[in-house]
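K.L.:
got a sequence here, can you model it:
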Amino acid sequence: MSDSPDPAPASAPKTADLCDAHAGTAHFQIAEPGFADYGGRRDFSGPISTVRAPEDNSLVRKALEEPGRGRVLVVDGGGSRRCALVGDQLAALAQKNGWAGVVVNGCIRDAEEVGRTAVGVKALGTHPLKSGKRNEGQRDVEVRFAGVNFIPGHHLYADADGIVTSAQPLR
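P.N.:
Residues are numbered from 1 along each chain as shown. Coordinates of the predicted model:
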């Protein structure tokens, strides 16, 4: 029996190819650049789940404790660079529970350990300080950053070239 109940697909469609085929169409969005790759997977995709986490990763942990079923957790930390919202323990939890990836509009920590997980992790940067634990934030609400509306249930595709989203699954 596997530690990952719902493994992520072997590879995601290339974002450049998706842009060639879908840029300019309704419900296809391209994120502004600025996210670095930290996870052990550089390409990942899946349905979006969201957390709005203002320097508090309590809801991030709760989300990643659930079966991921190949989803991507999009964490809106407001772009804060004052603390980390994901670290090695949460990346390992994401891997164990079958999440395809995590996109953080903020920072992560434990970058070397996060890089050894079989999960995609993109973030604005790293910071050694952990976040607060106040159980603040919102779950599965539309969040907006990098010029994109991240909508729960829509699909996210990420690789070394960037992040794109679509209302429908793309191939």
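
K.L.:
now the helices for the protein?
P.N.:
Ranges of helices in the chain, per DSSP state H, are 15-22, 58-64, 88-96, 111-114.

K.L.:
quick check: bridge partners of the residue nearest to Val75 when sequence neighbours are not counted?
P.N.:
Nearest residue to Val75, sequence neighbours excluded (Cβ to Cβ, 6 or more residues apart in numbering): Val104, at 4.6 Å. Using the backbone N, CA and C atoms, a C-beta is placed for each residue, glycine as well. Applying DSSP bridges to Val104 gives these bridge partners: Val75, Ala123.

K.L.:
what's the separation between Val104 and Val143?
P.N.:
11 Å (Cβ to Cβ, to the nearest Å).

K.L.:
any chance you could map the strands in this protein?
P.N.:
28-30, 36-37, 44-52, 72-76, 84-86, 101-108, 120-126, 138-139, 143-145, 148-150, 155-159, 162-166 (DSSP state E).

K.L.:
if we can go back for a sec, any idea how far the residue nearest to Val75 is from Leu85?
P.N.:
If you measure Val104 against Leu85 using Cβ to Cβ, the figure is 5 Å.

K.L.:
circling back: so how far is Gln168 from the residue nearest to Val75?
P.N.:
From Val104 to Gln168 the distance is 25 Å (Cβ to Cβ).

K.L.:
where does this structure dip in pLDDT?
P.N.:
Flagging of the chain using pLDDT under 70 yields the residue ranges 1-10.

K.L.:
now with 50?
P.N.:
1-9 (pLDDT under 50).
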